[in-house]
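1. how would this look folded up:
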Amino acid sequence: MRERIRRKSKLKGRQPEEAALLEVRTLIGAPPTEGHRRDLLIEHLHKLNDAFRCLHDRHLVALAKEMNIPMAEVYEVATFYHHFEVVRGGDEAPGLTVRVCDGLACELAGAKDLLARLPELLGVDGDDVRVIAAPCIGRCEQAPAVVVDRQAVPLATTAKVLQALKSDPDEATVAYFDAAEFALKSVSPLPGAIERMPAFTDYATYRANGGYALASALVNGEEDAEAIIKTMEDSGLRGLGGAGFPAGRKWRIVRDQPAPRLMAVNIDEGEPGTFKDRTYLERDPHRFLEGLVVAAQIVGIEQCYIYLRDEYHDCRALLERELARLQADPPCALPRIELRRGAGAYICGEESAMIESIEGKRGEPRMRPPYIAQVGLFGRPTLEHNFETLYWVRDIVEKGAAWFSGFGRNGRKGLRSFSVSGRVKHPGVKLAPAGITVQELIDEYCGGMLDGHSLYAYLPGGASGGILPARMNDIPLDFDTLQPYGCFIGSAAVMVLSQHDRARDAALNVMRFFEHESCGQCTPCRVGTAKAAALMQASTWDNTTLEDLAQVMGDASICGLGQAAPNPIRCIQQYFPEEVA
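-> Residues are numbered from 1 along each chain as shown. Okay, here's the model as predicted:
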């Protein structure tokens with residue numbers, strides 16, 4: 001009997017090396033009495049990846065032993081995410097990595113040339129430095145954008161990349177940022193004033209300017225929760241991650257579910273062309289955190305998880321520091337807040353895939369129903385919100401519902417943070433009225449088109465939102481206004497093309513992105529995006545086959561990635577047939 005128990009206590013297959021076990025324990029710490037939490041697997045993988053610039057298979061074996069989970073499970077999670085690189089046997093860790101964004105905005109700004117020139121200029125020999133292409137890194141207004149190790153290089157040139165290799169970045173300074181003051185203005189600075197990390201509002205500065213007064217009053221019973229929900233409903237605030245579900249209504253739905261209830265905040269801003277969440281987060285993290293505390297108090301939530309994309313290294317460091325300051329000197333009782341780190345998977349922007357990732361699994365979307373408001377994180381009712389939705393809670397409650405809903409054009413209501421990139425003079429986040437047209441956005445907020453460029457086409461909702469021609473420049477940009485034209489606004493990422501570009505090239509760029517980012521769980525998306533990208537390279541499109549693919553992807557894919565991937569195809573066929581005939 002004793003021998004049988006001893007045999008069962010060992011991992012099957014390869015046994016962990018003592019040296020590897022020691023290295024893993026040093027990084028992740030000793031297990032608590034109940035053992036390491038299964039949901040922290042990805043966080044532990046990050047610690048290993050940061051320390052060794054890769055994941056050695058010996059460490060994966062040791063981690064499986066330490067966490068008491070099958071090696072196959074550890075391996076399948078580690079190999080799912082793009083920012084983890086598994087190295088087998090005695091292979092050496094890769095050198096410092098330089099990632100050149102090849103998203104649409106960066107491609108328009110010369111990323112291909114930069115990608116071609118950097119290896120020779122950096123003297124890449126395969127050991128010390130390597131240069132690779134990377135999908136959109138959320139700095140489209142700073143195109144071309146490069147990341148050296150984890151240091152962002154905006155408006156990158158070869159000289160700037162070389163400098164980043166030699167020096168550490170400067171720290172951001174402190175200044176008060178009032179988001180409401182930027183209504184009907186550009187939130188982002190002009191290109192000549194762009195900084196890697198702009199001045200931000202720290203905890204002391206935020207408190208000195210009335211910060212957390214609303215949250216404290218609510219927690220202490222001085223503000224009425226029902227009145228706040230009513231204000232949110234009257235304001236018309238909808239989910240600003242792309243789905244557009246009314247925020248106040250969502251609070252009511254989750255509040256009516258049995259306790260314990262959880263919250264998951266989505267800052268996995270991976271839609272190509274979208275950078276609004278990063279722009280606000282790096283300027284004022286506490287306005288978002290106060291919105292989180294208010295929502296948690298009203299809905300009855302004691303545990304919150306913030307999921308931040310891994311590409312936002314500077315934002316993560318800032319948020320970690322400011323969250324620690326808040327928790328060290330809380331203005332009121334706070335929910336438990338955990339910051340989780342993505343690992344380079346666009347699919348985790350889908351709410352159920354994000355929840356799978358928070359649980360330490362592969363980020364694969366779930367079949368619905370049940371919806372996550374009923375059965376979400378760890379099987380509990382879950383309030384899921386985009387970062388920006390929570391960001392506006394304080395301003396809406398303090399200024400009143402009419403303040404927010406009073407903005408708008410063409411019969412629409414509210415403010416929208418448009419992430420504008422491409423062939424305009426002043427790209428960036430524009431806090432403009434809902435219902436503004438792309439022509440008004442370009443002329444009034446972006447300084448017009450670049451010299452020598454005129455509007456040819458635009459993507460109104462990022463990579464998945466479709467492509468429209470210049471002659472359709474008068475459509476109000478908002479939820480529900482673009483669907484009749486085969487498009488949608490999503491997270492309001494507007495990418496502008498000129499007469500020097502081809503819409504079909506933009507469509508191919510985003511289809512390659514979808515192919516790269518498909519989680520592979522369902523065949524229509526996994527096979528369909530790859531086949532479509534191959535067919536779209538032909539000078540003359542096989543429209544019959546492409547339409548068949550589009551139909552199957554749209555009808556049979558599990559989540560929005562595969563369902564929306566056909567949008568660029570159909571827009572090219574409908575609005576730009578001369579480009580593919």
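
2. I'd like the distance from the helix or strand harbouring residue 573 to the chain centre, please.
-> For residue 573, the host element (DSSP states H and E) is helix 566-575. Centroid separation for helix 566-575 versus its chain: 25 Å, with Cα atoms, centre = their mean, to the nearest Å.

3. how much space between the residue nearest to residue 182 when sequence neighbours are not counted and residue 109?
-> Distances taken as Cβ to Cβ, 6 or more residues apart in numbering place residue 431 nearest to residue 182, at 4.9 Å, with adjacent residues excluded. Placement of C-beta: from N, CA and C, glycine included. Counting by Cβ to Cβ, to the nearest Å, the gap from residue 431 to residue 109 is 24 Å.

4. sorry, back to before: thought residue 188 was touching the residue nearest to residue 182, still the case?
-> No. The pair residue 431 / residue 188 is not scored as a contact, 9.8 Å apart, by Cβ atoms under 8 Å.

5. just the helices in the stretch 451-581 of the chain please.
-> With DSSP state H, counting those that start in this stretch, the ranges of helices along the stretch 451-581 of the chain come out as 503-517, 523-535, 543-556, 560-564, 566-575.

6. Quick one: list the elements packing against the second one.
-> Applying 3 or more Cβ pairs under 8 Å, 6 or more residues apart in numbering; DSSP states H and E, we find helix 523-535 packed against helix 503-517, helix 543-556, helix 560-564.

7. what does that helix contact?
-> The contact list for helix 523-535, computed with Cβ atoms under 8 Å, 6 or more residues apart in numbering, reads 508, 511-512, 514-515, 518-520, 541-542, 545-546, 549-550, 552-553, 555-559, 561-562, 565-566, 569.

8. quick one, what contacts the closest residue to residue 282 other than its chain neighbours?
-> The shortest distance from residue 282 to any residue other than its chain neighbours is 5.4 Å, reached at residue 315 (Cβ to Cβ, 6+ apart). Contacts for residue 315 (Cβ under 8 Å, 6+ apart) come out as 267, 278, 281, 282, 308.

9. Tell me which helix or strand residue 315 sits in.
-> Using DSSP H and E, residue 315 falls in helix 313-328.

10. Extract the CA atoms of that helix and return them as CSV.
-> Taking C-alpha atoms only, helix 313-328 is exported to CSV below (Å, rounded to 0.1, in the frame of the first residue of the first chain):
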residue,chain,number,x,y,z
HIS,A,313,4.0,47.4,-19.9
ASP,A,314,4.2,51.0,-18.9
CYS,A,315,0.5,51.2,-18.0
ARG,A,316,0.8,48.0,-16.0
ALA,A,317,3.7,49.4,-13.9
LEU,A,318,1.7,52.7,-13.4
LEU,A,319,-1.5,50.9,-12.4
GLU,A,320,0.3,48.5,-10.0
ARG,A,321,2.0,51.4,-8.3
GLU,A,322,-1.2,53.5,-8.0
LEU,A,323,-3.3,50.6,-6.9
ALA,A,324,-0.8,49.8,-4.1
ARG,A,325,-1.1,53.5,-3.0
LEU,A,326,-4.9,53.3,-2.9
GLN,A,327,-4.9,50.0,-1.0
ALA,A,328,-2.3,51.3,1.5
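
11. Quick one: mean pLDDT over it.
-> The average pLDDT for helix 313-328 rounds to 97.

12. what number of residues lie near the closest residue to residue 80 other than its chain neighbours?
-> If the residues on either side of it in the chain are set aside, residue 80 comes closest to residue 362, at 4.3 Å by Cβ to Cβ, 6+ apart. Around residue 362 sit 21 other residues, with neighbours defined as other Cβ atoms under 10 Å.

13. which stretches of the stretch 151-300 of the chain form strands?
-> With strands called from DSSP state E, counting those that start in this stretch, the stretch 151-300 of the chain shows them at 151-153, 185-186, 261-267.

14. Tell me which other helices or strands the shortest one touches.
-> Based on contacts counted as 3+ Cβ pairs under 8 Å, 6+ apart, the elements that strand 185-186 packs against are strand 428-433.

15. gap between the strand it packs on and the chain center?
-> With Cα atoms, centre = their mean as the basis, strand 428-433 stands 18 Å off its chain's centre.
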